[in-house]
Structures are given as C-alpha cells and as structure tokens.
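A.B. asks: dropping the sequence and predicted coords here.
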Amino acid sequence: MKMTQRVGIAITLLVVIAHIPAAFGDPLSPTEIKGLLAQIREKRAAEPQVEADFHEEKIIRLMNKPIVSSGKVSFQAPNKFRREAKGNSPSLTVSDGQQLWIYYPNFKSAERYSLGKRSPLDSVIAAINTALNLENVETTFHITGAKIDPPKAGWELDLTPRSPSMKRMFEKLHLRINDNLLVEHTEMFQPNGDRIVTNYSNQTRALIPASTFEFVPPPGTDVTTPLGK
C-alpha cells in the first residue's frame, strides 16, 4: 500500500474528532482533556457506529492545485470501516477487522491486506483504531487542546505522535469536535510539508448493515496481495 493511500485512510477514519478555524477560549488542562476523552469514549460505547459524507483536499507542495476527492465513510467500533471515494478516480476501501481491501473500479483491480500478522500495515491500522476508539490514546499521542468560544462551540485538539513509525506518517493532527461530539473537519501535517484537509457533513450514528463492511471482488477483478498473504 502506498504511503499516500495509508495517510488518506488514516485521516479519513479519524471521524470522531475534527478541526476548523474558530475563536479559541482558554487552553484545556490535562484534567479537562482527560474528561473530554472520557465523554467521547462514553458516547462511542453507547453508539459505536458513525457515517458521514466527506470532502478531502490533498495539498501537495509540488502541485499548483490540490487533489480533491469526496465520498462517504462508515465506521463501526472497534475496527470495521468503509471508505467510498467518488469522482474521476474512484476507490473503495473496506475492512472487517481481519482483512483490508482497496478496490479500483476503473482498473478492475483490488489489493488485499491481511491484518494482525506484524506487517507494515499493522502499525497504521493500530493507530487508526486507537484514535477511533480513543482507548489509551494518551499513550499514543501527545495531546493539547482548547475550548472553542461560541457561537461555534466545541473543542480544538492537537495530536502529535509519540512513536517514530507514526512520526514518519505525519507530524501533527489538528482536530476539532463539536459540542455533539461529531466530526466537522480534520487537518494532517506531513513531514514533507504536504497537508490533507477533510471536511465532514451529514453525520449520523444510525445502525449500519453488517454487509457494509464486507467485500467480494467483482468477477474479472485482478486481485493482488502487495504485502504477501
């Protein structure tokens, strides 16, 4: 899996928290951050499923215009997700927690990755799941934040990775949650100066059919396993 694809998945799947420019109040104390994370975990335990539309821009230093994509993302705790990107270069990323598929309909090709076998992909998925569930997130990231003043009430958080492997993916996640603990916008800063900015809308915590997180390659699809079986 290319690094850009890994980063795209990671930032899209941070659906529980997000960032948009706003007027900030006082910085959050460590105790307040801990309390906020506890609220998010409690909400996720009660409503473990989330769906949202997304609009994403990859801002690359060597390109005059950002790469734009949009689509829909679905997540079910603890580790099932689906990301459908539309447009000229559509793709579908699906994980049932054991296998991860990336399907490219224009090329009738699919990549399959096995999870939990100490492959290079495992650390990426572990980071995604940690962030989505916010379980022991404090051990994975250094976290700072601030309360956002009305009328755009919510919280602003900066997450900087602790481990060298995650630092190679991104330098910082600039995130925001609103007062309903729902996503609005995320921004990822990469070591090479590129950025990925994602806006979310039409968020819902309604039940998601189990088939959403299943994938069977259509007939005639060329299937590869880039990291081996």
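C.D. replies: Perfect, I can see it now.
A.B. asks: tell me what the lengthiest helix in the chain is packed against?
C.D. replies: If you go by DSSP state H, the chain has its longest helix at helix 30-46. Judged by 3 or more Cβ pairs under 8 Å, 6 or more residues apart in numbering; DSSP states H and E, the packing partners of helix 30-46 are helix 137-140, strand 141-148. For every residue, glycine as well, the C-beta is placed using N, CA and C.
A.B. asks: could you point out the helix or strand that follows the longest one?
C.D. replies: Going back to what we said before, that points to strand 141-148. Next helix or strand after strand 141-148 toward the C-terminus (DSSP states H and E): strand 154-161.
A.B. asks: averaged pLDDT, whichever helix or strand comes after that next one. What do you get?
C.D. replies: The first helix or strand that comes after strand 154-161 along the chain, using DSSP H and E, is helix 164-167. The average pLDDT within helix 164-167 is 81.
A.B. asks: elements contacting the helix or strand following helix 164-167?
C.D. replies: Downstream of helix 164-167, the first helix or strand assigned by DSSP H and E is strand 172-178. If you count contacts as 3+ Cβ pairs under 8 Å, 6+ apart, strand 172-178 packs onto strand 154-161, strand 183-189.
A.B. asks: what's the mean pLDDT across the shortest one?
C.D. replies: In this case it means strand 183-189. 83.
A.B. asks: and that strand, how far out from the chain's middle?
C.D. replies: Chain-centre distance of strand 183-189: 9 Å, with Cα atoms, centre = their mean, to the nearest Å.
A.B. asks: report the buried residues of the next helix or strand after it.
C.D. replies: Downstream of strand 183-189, the first helix or strand assigned by DSSP H and E is strand 195-204. Within strand 195-204, the residues scored as buried using 16 or more other Cβ atoms under 10 Å are 195-200, 203.
A.B. asks: contact partners of whichever helix or strand comes after strand 195-204?
C.D. replies: The helix or strand immediately downstream of strand 195-204 is strand 222-224, counting by DSSP H and E. Strand 222-224 has contacts (Cβ atoms under 8 Å, 6 or more residues apart in numbering) with 107-112, 217.
A.B. asks: go with 10 Å
C.D. replies: Under the criterion Cβ atoms under 10 Å, 6 or more residues apart in numbering, residues 101-104, 107-112, 217 lie in contact with strand 222-224.
A.B. asks: that strand: which residues count as buried?
C.D. replies: Result for strand 222-224 [16+ other Cβ under 10 Å]: no buried residues.
A.B. asks: let me see the mean pLDDT of it.
C.D. replies: 96.
A.B. asks: the chain should start at 182 in everything you say after this.
C.D. replies: OK, 182 is where the count begins now, so the last one is strand 403-405.
A.B. asks: rewinding a little: filter the contacts of strand 403-405 down to the buried ones.
C.D. replies: If we count by 16+ other Cβ under 10 Å, those have these buried: 282-284, 291-293.
A.B. asks: quick one: those as TSV, columns for distance to Ile358, pLDDT and secondary structure too.
C.D. replies: What follows is the buried ones among the contacts of strand 403-405, written out as TSV (distance: Cβ to Cβ, whole Å; pLDDT from 0 to 100; DSSP: H, G, I helix; E, B strand; the rest coil):
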residue	distance to Ile358	pLDDT	secondary structure
Trp282	29	94	strand
Ile283	28	93	strand
Tyr284	31	97	strand
Ala291	34	97	strand
Glu292	32	95	strand
Arg293	33	93	strand
